[in-house]
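In: Provide a 3D model corresponding to the input given below.
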Amino acid sequence: MHYKKSQFGWLIIWIMAPIILYLYLAFMFQWGDNPMPLTGFVLIESLLLIICLLFFQLTVEIRKPILKISYGIGLIRFNFQIDQIESVEVMSNPWYYGWGIRITPNGMLYNIHGRKAVKINYLRNGKSKSVMVGTAEPEVLKRALEESWA
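Out: Okay, here's the model as predicted:
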C-alpha cells in the first residue's frame, strides 16, 4: 500500500506574510526615528523565510516498510518502521494541544492544523511509545497503516 498526503499550513503563511511585508516596507521607507540597519533587516527576513520554508506543509507518506512524516521542504522529518506498529486509532485532540511538533500526555504530536489525528502505538527498543499524526482524513490514514502492516 502506498499512501501520500500533504496538508498546507495556511496559518503560518497568514501570520508570517504580513510580518515579512511590514518589515520590508519599514526597511525600504525607514519608518520611525531609528532607521533599521541592513544587517538586521536581512537577518530577520531570512529567519522568517526559513521558518516558512520549514513549516509550510506536513506530508505523511507510507512506503512499506516506513512511515515518513516531513515538514516543509523536508529538512524536518521523522521515520517509523511499520512492522513495529502495535495499533492505530483515530482521535480528536483538545484545542490546547496546538499545532506543530508537540509533546503531549498521549505522546509526540505532529500536526499542522485541525484537531483530528491518528494515534500510532509502536515498539522501539523494547519500549512501547505513541505518536499522533495530524491529518484531515484520519480514517484513510488509519486504513492505509493497517493495510501496510497487515
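In: how about the worst-scoring helix or strand of the chain on mean pLDDT: buried residues?
Out: Sorting the helices and strands of the chain by mean pLDDT, DSSP states H and E puts helix 10-29 at the bottom, at a mean of 88. Buried residues in helix 10-29, defined by neighbour count with 16 or more other CB atoms under 10 Å: I12, M16, L23, F27. From N, CA and C alone the C-beta is placed, and that goes for glycine too.
In: which of the helices or strands spans the residue nearest to the last one when sequence neighbours are not counted?
Out: Excluding its sequence neighbours, the residue lying closest to F27 (CB to CB, 6 or more residues apart in numbering) is F41, at 4.4 Å. In this assignment (DSSP states H and E), F41 forms part of helix 38-55.
In: check the gap between G134 and A117 for me.
Out: Going from G134 to A117 by CB to CB, to the nearest Å gives 5 Å.
In: now do the shared contacts for those two.
Out: N93, L109, N111 (CB atoms under 8 Å, 6 or more residues apart in numbering).
In: just checking, M16 touches I51?
Out: Yes - between M16 and I51 there is a contact under CB atoms under 8 Å: 6.7 Å.
In: most neighbours among the shared contacts of G134 and A117, please name it.
Out: N111 (23 neighbours; other CB atoms under 10 Å).
In: spatially, what comes nearest to that one if we skip its sequence neighbours?
Out: Nearest to N111 is G134, by CB to CB, 6+ apart, at 3.0 Å.
In: torsion angles phi and psi at the one you found?
Out: Per-residue torsions, G134: phi -70, psi 140 (degrees, to the nearest 10).
In: quick one: it from I51, how far?
Out: 19 Å.
In: neighbour count: the two, which is higher?
Out: G134 (25 against 14).
In: what sits against that one?
Out: Q7, L58, N93, W99, L109, Y110, N111, I112, H113, G114, K116, A117.
In: perfect, I'm done here.
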